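After the sequence you'll find the predicted model.
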Amino acid sequence: QVQLVESGGGLVQPGGSLRLSCAASGFTFSNYAIKWYRQVPGKERELVAFISSTGGYTNYADSMKGRFTASRDNGKNTAHLQMKNLKPDDTAMYYCNAIAPSGYEYWGQGTQVTVSS
């Protein structure tokens with residue numbers, strides 16, 4: 001059974017940090033790139049970060065550069081999104097998306113991040 005499970009979200013004060021995790025099972029994780037998205041109700045889903053299948057390449061949305069870091073451990077079938085200097089505008093549901101070169105993809109259920117004092 002294929003599963004992609006995000007965790008690590010929560011409530012954090014502005015300027016704080018969180019580390020999101022995306023745990024995969026049921027498919028060959030190392031064959032899939034990982035994209036992190038976020039979405040606020042009523043708004044379009046936004047691409048946050050990308051990490052290649054090997055972890056050798058990463059890319060970020062402009063507003064996340066320098067604050068967010070994507071990583072992965074293919075031996076543990078897990079990807080992470082380290083977020084620092086969080087702002088209220090970062091409040092959203094965060095999703096991980098595993099995508100194969102063929103375009104086949106899996107989605108997690110999301111984890112809520114709330115940045116508020």
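Good, I have the coordinates. Numbers count the residues shown, from 1 in each chain.

Any idea how far apart the tips of stretch 7-27 sit?
Counting by C-alpha to C-alpha, to the nearest Å, the length from the leading to the trailing residue of stretch 7-27 is 19 Å.

Please read the previous query as pertaining to stretch 101-117.
By C-alpha to C-alpha, one end of stretch 101-117 lies 41 Å from the other end.

for the residue nearest the centre of the chain, what are its contacts?
To find the centre residue of the chain, average its C-alpha atoms and take the closest one (C-alpha atoms, centre = their mean): that gives residue 36, at 3.3 Å. Under the criterion of C-beta atoms under 8 Å, 6 or more residues apart in numbering, the contact list for residue 36 reads 20, 22, 47-50, 68, 70, 81, 94-97. All C-beta spots, glycine's among them, are computed from the backbone N, C-alpha and C.

Just the residues contacting stretch 103-117, thanks.
Stretch 103-117 has contacts (C-beta under 8 Å, 6+ apart) with 2, 4-14, 16, 18, 20, 22, 24, 27, 32, 38-39, 83, 86-99.

swap the cut-off to 7 Å and go again
When contacts are taken as C-beta atoms under 7 Å, 6 or more residues apart in numbering, the neighbours of stretch 103-117 outside the stretch itself are 2, 4-9, 11-14, 18, 20, 22, 27, 86-88, 90-99.

Buried only: go through the residues you listed for me.
Among the contacts of stretch 103-117, those classed as buried by 16 or more other C-beta atoms under 10 Å are 4, 6, 8-9, 12, 18, 20, 22, 27, 86, 90-99.

confidence score at residue 1?
Per-residue confidence (pLDDT) for residue 1: 89.

wait, isn't it in contact with residue 26?
Yes - with contacts counted by C-beta atoms under 7 Å, residue 1 reaches residue 26, the gap being 5.1 Å.

So which of the two has more stuff around it?
Under the criterion of other C-beta atoms under 10 Å, the comparison of residue 1 against residue 26 puts residue 26 first, with 11 against 5.
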